[in-house]
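In: predicted model and sequence follow; I will ask about them next.
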Amino acid sequence: MSKRRNISSGVKWEDIVGYSRAVIVEGRILISGTTSIIGGEIRGKGDFYIQTKTILQKIEKILIDAGSSMEKVIRTRIYTTDISKWEEIGRAHCEFFDKVRPATAMIEIKGLVDPEMLVEIEAEAIE
């Protein structure tokens, strides 16, 4: 059996919902859906680009804390409440992954937990 390590961000939702910010197992780092909430506030209200950039900065910090980096990301999944904003979202994504080019998907969804959340991103990386 392989060793598993859970990484917590300390937010109350982890205990309420029963999840970890990230899980490391078998050399893979799986990062849960991440939004642009910082300090209890949504950063970039109404702005798909700023929310995406903020989320990717948070994912980068998680990866560094896990001993990895954005260069080791192999997949992202982007969920958005408005697919017509794909260029704004994609521009922020490309700023982080222009050279890395992970496999990705951008999916329009009906909504997120808070209606002011416009984007949520999952990521998978290697150690």
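Out: Here it is on my side, so go on.
In: ok so Ser68 is a helix residue?
Out: No. According to DSSP: H, G, I helix; E, B strand; the rest coil, Ser68 belongs to no helix; its state is coil.
In: for the residue lying closest to it once chain neighbours are set aside, give its distance to Lys58.
Out: Take Ser68 and drop its neighbours on the chain: the residue closest to it by CB to CB, 6 or more residues apart in numbering is Ala125, 5.0 Å away. Heads up, the C-betas are built off the backbone N, CA and C, glycines and all. Distance, Ala125 to Lys58, using CB to CB, to the nearest Å: 14 Å.
In: what of Trp86?
Out: 21 Å.
In: neighbour count winner among the two?
Out: Lys58 (20 against 15; other CB atoms under 10 Å).
In: and the more buried one, what is it in contact with?
Out: 34, 36, 38 (CB atoms under 8 Å, 6 or more residues apart in numbering).
In: so which of those are in strands?
Out: The strands, defined by DSSP state E, take in 34, 38 from the contacts of Lys58.
In: can you list the contacts of Lys58 in CSV and add distance to Arg91 and pLDDT?
Out: Formatted as CSV, these follow (distance: CB to CB, whole Å; pLDDT from 0 to 100):
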residue, distance to Arg91, pLDDT
Thr34, 18, 96
Ser36, 15, 96
Ile38, 21, 91
